[in-house]
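>>> structural data only, the sequence is not supplied:
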């Protein structure tokens, strides 16, 4: 583009547009910073709480390796891996949902509604119960299950273009099939074998850490930036396939990559902590509403996801003294009413296709 | 509504971009919609495509804009097959406004118009003052500058359509394709949009190709009229030359009178219909 013409000096509008754009940017940054602070605070509180409360000062000292051995053990070996898993699982699920909802242009299109999480669970349960898998092998199998479901949904929903409604409906069908597989595997197996799988299935951070955490951390490090890079193209895609293509976006390539990234993110989260339900469904819409820019707010989706999982895990551990619930129970209690609200709203307004 | 001069365009008495279709066949899943069609879009002019519903107008537009791969034949942009050009290359020269674009929830007018700058931005999407200027100009031209900070969802249908056109203008392409830009607008807003496109063509030399439903509006605003039926072009040329009662009968299967438009002197199509004509005796007359 060439330099500004003299005529433009008389236009008030460039100033206005720049102001509107700056206002949007600063809102994005403010929301991001506030969410980031909230995540940090939640993490801090989570590290302090437990069967033995640790003072914030001691937590900090333990983190830099200066507290006594017991405190270091409690913070670094027990609580930190769990917390790291919670943050990463939340971020992965939040971004996973954000990508899929953006690509399908439907807030219902979250991996835990359209069968991707269920298929991942089915693969995971088969891996745990029948093959006693863990770590990288389990993650791999879960990823295969999730990809298979995504391909199936994509292929069945495809009619010379992708319709959001058909995608969601086909996905719900695939989810039903996958949960039938889970039930089948569980009922066909010995009770003792099933116990571990059951805990994993509700989405649990108990025993988080080790191999699972390493796989999750490495995968997040690759996938989250990859998702972030897709943001601008996805924002264009939300204008409709034709508009996006006319604006220079390769529609199929963009959509394919976004779906693959979303599936991979959901799969690594499921492999690490089991299907923590509804986090993928709620995080991105909350982030989008907060940022209100008409574009997928992926960074904020990650932060909201992390916040939801960390807080839910806190509630799951400490709401009822003496009992630790799987975190998925808490996210389910929060998420299910939202899903119901979303369904009633979608049907009433006839919007969502 | 006036269009500020476009500096990088006034110098561009450089040859305008050309768009043509050669033996173009387009379809969806084996169903042929456009058959062996040849078309040359006159550069620097306004072309209107008319025809009955499902005659392949919109499909042709999608094919021309590289949104639909031809079953056979070619679309040539500046003499080159568009399939060989990158999506972004095409988008820098050729813009398209589809019939029903989707507005993401919560997006403001300025941001939506800014989306038109996408093909001109580099990999890192750095926003420059040139982008701001293009967006501002597009909003001035369409009369939506005052709406800049408003969310699109708060606007009326006419305002929204002007915002979408502003987005296409911000793309600053020499070729602009529009699929029924006046649908869902009342008559005053229809004329406003058409006048805007005419000014765009006159002031900047933008080549405009639009699918229109209203035959008389097409005659009024087009330099070149393309009449389609069943995926084929029935007639093409200056509206004054091609629009006759016979053509309307052949294209729409409609009996009509063609009279002189009292405003412009161009042909004006007055449909006859089966009812309420003088001498028609079914029903009471006023």
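Okay, I see it. No experiment lies behind these values; they were computed from the predicted model shown.
>>> burial of residue 201, as a residue count?
No chain was given, so I picked chain A. For residue A:201, the count of nearby residues is 22 (other C-beta atoms under 10 Å in any protein chain shown). C-beta here means a position set from N, CA and C on the backbone, and glycine is covered the same way.
>>> switch to chain B, please.
18.
>>> relative to chain A, how far out is it?
Between residue B:201 and chain A the computed distance is 19 Å (C-beta to the nearest C-beta, to the nearest Å).
>>> so where do the helices sit in chain B?
Assigned by DSSP state H, chain B shows helices spanning B:7-10, B:57-64, B:87-93, B:109-114, B:129-142, B:157-170, B:187-204, B:215-221, B:239-242, B:245-252.
>>> with mean pLDDT added, can I get the ones you listed in a markdown table?
What follows is the helices of chain B, written out as a markdown table (pLDDT from 0 to 100):
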| stretch | mean pLDDT |
| --- | --- |
| helix B:7-10 | 42 |
| helix B:57-64 | 92 |
| helix B:87-93 | 90 |
| helix B:109-114 | 92 |
| helix B:129-142 | 88 |
| helix B:157-170 | 90 |
| helix B:187-204 | 90 |
| helix B:215-221 | 94 |
| helix B:239-242 | 91 |
| helix B:245-252 | 93 |
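>>> which of the ones you listed sits most buried?
By mean neighbour count, with neighbours taken as mean count of other C-beta atoms under 10 Å in any protein chain shown, helix B:109-114 ranks first of those at a mean of 27.
>>> phi, psi of residue A:207?
Per-residue torsions, residue A:207: phi 70, psi 20 (degrees, to the nearest 10).
>>> which residues of the stretch 151-286 of chain B lie near chain A?
For the stretch 151-286 of chain B, the residues in contact with chain A (C-beta under 8 Å from any C-beta of the partner chain) are B:152, B:171, B:177.
>>> relative to chain A, which of those is nearest.
residue B:171 (6.7 Å; C-beta to the nearest C-beta).
>>> chain neighbours aside, what residue packs nearest to whichever residue of chain B sits closest to chain A?
Nearest residue of chain B to chain A: residue B:107, at 2.5 Å (C-beta to the nearest C-beta). Closest residue to residue B:107 apart from its sequence neighbours, by C-beta to C-beta, 6 or more residues apart in numbering or on different chains: residue A:294 at 2.5 Å.
>>> in the stretch 1-150 of chain B, where is pLDDT below threshold?
Residue ranges of the stretch 1-150 of chain B with pLDDT under 70: B:1-15, B:123-125.
>>> now with 50?
In the predicted model of the stretch 1-150 of chain B, residues B:1-2, B:5-13 satisfy pLDDT under 50.
>>> can you list phi and psi of residue A:189 for me?
Dihedral angles phi and psi of residue A:189 (degrees, to the nearest 10) take the values phi -120, psi 160.
>>> what does the stretch 251-353 of chain A have sitting close to chain B?
A:288, A:289, A:292, A:293, A:294, A:295.
>>> and the residues you listed, which two are the farthest apart?
The span of those, defined through C-beta to C-beta, is set by A:289 and A:295 at 12.6 Å.
>>> OK, contacts around the closest residue to residue A:247 other than its chain neighbours?
Excluding its sequence neighbours, the residue lying closest to residue A:247 (C-beta to C-beta, 6+ apart) is residue B:118, at 4.8 Å. Contact partners of residue B:118, counting by C-beta atoms under 8 Å, 6 or more residues apart in numbering or on different chains, are A:232, A:236, A:247, A:248, A:249, B:91, B:171.
>>> let's go with 6 Å and repeat that
A:236, A:247, A:248 (C-beta atoms under 6 Å, 6 or more residues apart in numbering or on different chains).
>>> sorry, back to before: neighbour-wise, which of the residues of the stretch 251-353 of chain A next to chain B leads?
Among these, residue A:288 has the most neighbours (other C-beta under 10 Å), with 25 neighbours.
>>> name the element that residue belongs to?
Element membership for residue A:288, per DSSP states H and E: helix A:279-291.
>>> and if you look at residue A:120?
Residue A:120 belongs to helix A:116-125 when assigned by DSSP H and E.
>>> quick one: list the elements packing against the helix or strand just after that helix.
The helix or strand immediately downstream of helix A:116-125 is helix A:131, counting by DSSP H and E. Helices and strands touching helix A:131, as assessed by 3 or more C-beta pairs under 6 Å, 6 or more residues apart in numbering or on different chains; DSSP states H and E, are absent.
>>> next SSE downstream of helix A:131?
Following helix A:131 in sequence order, the next helix or strand is helix A:135-157 (DSSP H and E).
>>> give me the contact list for that next one.
A:114-116, A:119-120, A:122-124, A:127, A:166-167, A:170-171, A:174, A:211, A:215, A:263, A:266-267, A:270-271.
>>> can you state the direction angle for it and helix A:116-125?
Calculated by axes from the mean of the first three to the mean of the last three C-alpha atoms, to 10 degrees, helix A:135-157 forms an angle of 140 degrees with helix A:116-125.
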